[in-house]
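1. Fold the stuff below for me.
(one chain, ligands or ions: 1)
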Amino acid sequence: MMVVPLKTPPKDAETVNHKLLVQGGFVRQLMAGVYTYLPFGLRVLKKIENIVREEMDAIGGEEVLMPMLHPAEIWKTSGGWDSVDVLFKLKSRTGKDYALGQSQEEVVTPLTKEFVQSYRDLPRAVYHIQWKFRDELRAKSGILRGREFLMKDMYSFHTNQEDFEKFYEEAKQAYLKIFRRLGLTAKTTEASGGSFSEKVSYEFEVLTDAGEANILYCDSCDYCVNIDDINTFREGDTCPGCGKDTLKPSLAAEVGNIFDLGQKYVRAFDLSYIDADGQKKYPIMGCYGIGVTRTMGVIVEKYNDEKGIMWPDNIAPFKVHLIDLRQPEKSSEIYKGLLEAKIEVLLDDRDISPGEKFADADLIGCPFRVVISEKSLAQGGVEIKRRSERESKIVSQEELLNLIGE
Ligand SMILES: [Zn+2]
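-> Numbering: from 1, shown residues only. Next comes the predicted model:
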């Protein structure tokens with residue numbers, strides 16, 4: 001084990017995700033809203049990232065990696081230099097101004113201009129998974145609200161509104177699929193576009209007490225409304241989405257959003273194309289964000305108990321937490337067997353008490369705890385317990401692989 005869990009949570013932690021992620025050895029806070037991802041945390045982050053990547057690729061997204069450090073000029077071209085209050089601005093030693101990316105319209109639009117000349121070059125959807133920066137006044141919600149955070153942002157370009165809206169709907173469905181795969185129930189709210197656009201947008205909200213948004217949601221469909229923005233609905237009103245159920249109140253965290261950017265950025269950067277009729281036209285642009293680190297925080301807020309985190313199987317840092325209780329040869333054999341079966345396993349062979357090892361296993365929260373002890377071997381095998389269950393059972397080595405490999 002490279003990182004040993006802490007006996008007590010950090011004193012400054014105000015949220016469950018901050019407390020458990022630090023205590024379990026997933027992250028360390030460098031300053032408010034800025035975190036180091038330790039080996040366990042990085043494994044989880046990469047898994048979330050890959051689920052997002054698979055679904056973006058599935059709807060035709062082309063992955064690139066755009067820079068974090070931006071020249072001031074592009075932000076002045078779009079008007080964001082003066083209007084985006086959370087933009088981090090820096091001055092170099094030669095007196096030049098720069099910004100740290102909080103979004104990438106200013107980079108992707110001039111970039112796409114190089115690859116789009118004709119209507120035949122459209123539609124196009126470009127995305128990346130990159131660190132973003134926001135000059136937040138307050139950043140005390142663990143990795144839910146970072147000054148530096150990992151985000152997937154995609155930008156699409158279309159010849160007409162109809163084609164854009166078709167893709168917008170595909171992206172919305174891909175988002176709902178991503179959150180389902182991550183074990184979250186996301187609801188979609190239509191919202192005003194804020195500083196991004198003048199048009200309608202979708203926010204993806206996950207129900208959690210750690211969230212900052214007050215919403216009304218429906219159990220029968222994915223509809224919800226953010227009552228901080230729109231106050232025309234009340235608790236108990238009929239859901240306008242499906243008409244079947246009534247609206248219930250909840251706190252929620254915004255984990256994703258989709259904006260119709262219209263032609264704001266394509267006009268600012270003069271990204272145009274020649275249409276079939278020979279005329280110069282501007283494409284319609286959309287942007288699609290998912291907060292990857294924030295989503296990880298929301299998952300911890302949802303999947304935990306008084307002992308620690310309970311990761312969903314597909315994003316757990318390891319599938320198996322293997323605890324050796326003074327049976328080094330057998331433990332080593334089983335550890336190697338699991339690795340050969342391509343099962344991710346963490347071996348705890350430290351010379352500490354069984355109780356401490358069990359407490360750490362609960363804190364880290366891998367789906368299966370497997371214990372190899374004199375007692376288990378005498379009973380014919382190893383002791384296995386799911387993190388979410390109370391009872392353990394003894395199984396043979398062969399059964400172990402079948403159980404875990406499922
Ligand atoms: Zn409904």
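
2. Show me how far the worst-scoring helix or strand of the chain on mean pLDDT is from its chain's centre.
-> Across the helices and strands of the chain, mean confidence by mean pLDDT, DSSP states H and E is lowest for strand 186-192: a mean of 80. For strand 186-192, the gap between its own C-alpha mean and the chain's C-alpha mean amounts to 17 Å (Cα atoms, centre = their mean, to the nearest Å).

3. which parts of it are buried?
-> Along strand 186-192, the positions that meet the burial threshold by neighbour count (16 or more other Cβ atoms under 10 Å) are 186-189, 191. Every C-beta, even on glycine, is put in place using the N, C-alpha and C of the backbone.

4. swap in stretch 299-313?
-> If you call a residue buried by 16+ other Cβ under 10 Å, then stretch 299-313 has these buried ones: 299-304, 308-312.

5. What of stretch 393-400?
-> The neighbour-count check on stretch 393-400 (16+ other Cβ under 10 Å) flags 394-395, 400 as buried.

6. Then stretch 70-89?
-> Under the neighbour-count criterion of 16+ other Cβ under 10 Å, stretch 70-89 has 70, 72, 74-75, 77-78, 80-81, 84, 87-88 buried.

7. repeat for stretch 27-46
-> So, applying 16+ other Cβ under 10 Å, buried residues of stretch 27-46: 27, 29, 33, 35, 37-38, 40-41, 43-45.

8. Quick check: pLDDT value at residue 197.
-> Residue-level confidence at residue 197 comes out at 44, pLDDT.

9. oh, I was asking about residue 232
-> The confidence metric pLDDT takes the value 85 at residue 232.

10. What's the local residue count around it?
-> Residue 232 has 8 neighbours, counted by other Cβ atoms under 10 Å.

11. Now do the SS call for it.
-> Look at residue 232: counting by DSSP: H, G, I helix; E, B strand; the rest coil, its state is coil.

12. how about it, phi and psi?
-> Main-chain torsions, residue 232, degrees, to the nearest 10: phi -80, psi -10.

13. Check residue 25 too.
-> In terms of degrees, to the nearest 10, the main-chain angles of residue 25 are phi 90, psi 30.

14. can the buried residues of stretch 299-313 go into JSON lines with extra columns for distance to the ion, secondary structure and pLDDT?
-> Formatted as JSON lines, the entries for the buried residues of stretch 299-313 read as follows, by distance: Cβ to the ion, whole Å; DSSP: H, G, I helix; E, B strand; the rest coil; pLDDT from 0 to 100:
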{"residue": "299", "distance to the ion": "24", "secondary structure": "helix", "pLDDT": "97"}
{"residue": "300", "distance to the ion": "28", "secondary structure": "helix", "pLDDT": "97"}
{"residue": "301", "distance to the ion": "24", "secondary structure": "helix", "pLDDT": "95"}
{"residue": "302", "distance to the ion": "21", "secondary structure": "helix", "pLDDT": "94"}
{"residue": "303", "distance to the ion": "25", "secondary structure": "coil", "pLDDT": "96"}
{"residue": "304", "distance to the ion": "28", "secondary structure": "strand", "pLDDT": "97"}
{"residue": "308", "distance to the ion": "35", "secondary structure": "strand", "pLDDT": "97"}
{"residue": "309", "distance to the ion": "31", "secondary structure": "strand", "pLDDT": "98"}
{"residue": "310", "distance to the ion": "29", "secondary structure": "coil", "pLDDT": "98"}
{"residue": "311", "distance to the ion": "30", "secondary structure": "coil", "pLDDT": "98"}
{"residue": "312", "distance to the ion": "25", "secondary structure": "coil", "pLDDT": "97"}
